[in-house]
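Undergrad: Output the structure for:
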Amino acid sequence: RNVPLQLDSSSPDEKALVYFAQYMGYEVYHRAEGTVALKRTSGDQQKKWFEEFEDVCLIDFTSKRKRMTVIVSPKFGPEKGLLKIYCK
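TA: A predicted model of the protein is given here:
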């Protein structure tokens, strides 16, 4: 059964970012302590691939910083062990 995904968020901008990521073909398909796995789909739906990341660090949003930061490391592939930093 294919049930539409219902999203909830603490802020409208976070919800918008998740919807945009989904529109661009990204979907979180698994999350466990210290790990997040993504499924990516090409625009024509012909190609799908999976990526898994280790959560290295999460720096929460504060009113002083005005941003949230997450640092992850790919668990597989040629970028394994490298750090990726994403800010919102």
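
Undergrad: What about residue 76, how many residues nearby?
TA: The criterion is other Cβ atoms under 10 Å. On that basis, residue 76 has 10 neighbouring residues. Where you see a C-beta, it was placed from the backbone N, CA and C, and this is true even at glycine.

Undergrad: any idea how far residue 53 is from residue 77?
TA: 11 Å (Cβ to Cβ, to the nearest Å).

Undergrad: Looking at the two, which is more packed in?
TA: Neighbours were tallied for residue 77 and for residue 53 using other Cβ under 10 Å; the higher tally belongs to residue 53 (19 against 10).

Undergrad: Quick one: classify the more buried one as helix, strand or coil.
TA: Reduced to three states with DSSP: H, G, I helix; E, B strand; the rest coil, the structure at residue 53 is strand.

Undergrad: Can you tell me which helices and strands the helix or strand hosting residue 30 packs against?
TA: Under DSSP states H and E, the secondary-structure element containing residue 30 is strand 26-32. Under the contact criterion of 3 or more Cβ pairs under 8 Å, 6 or more residues apart in numbering; DSSP states H and E, the helices and strands touching strand 26-32 comprise strand 35-41.
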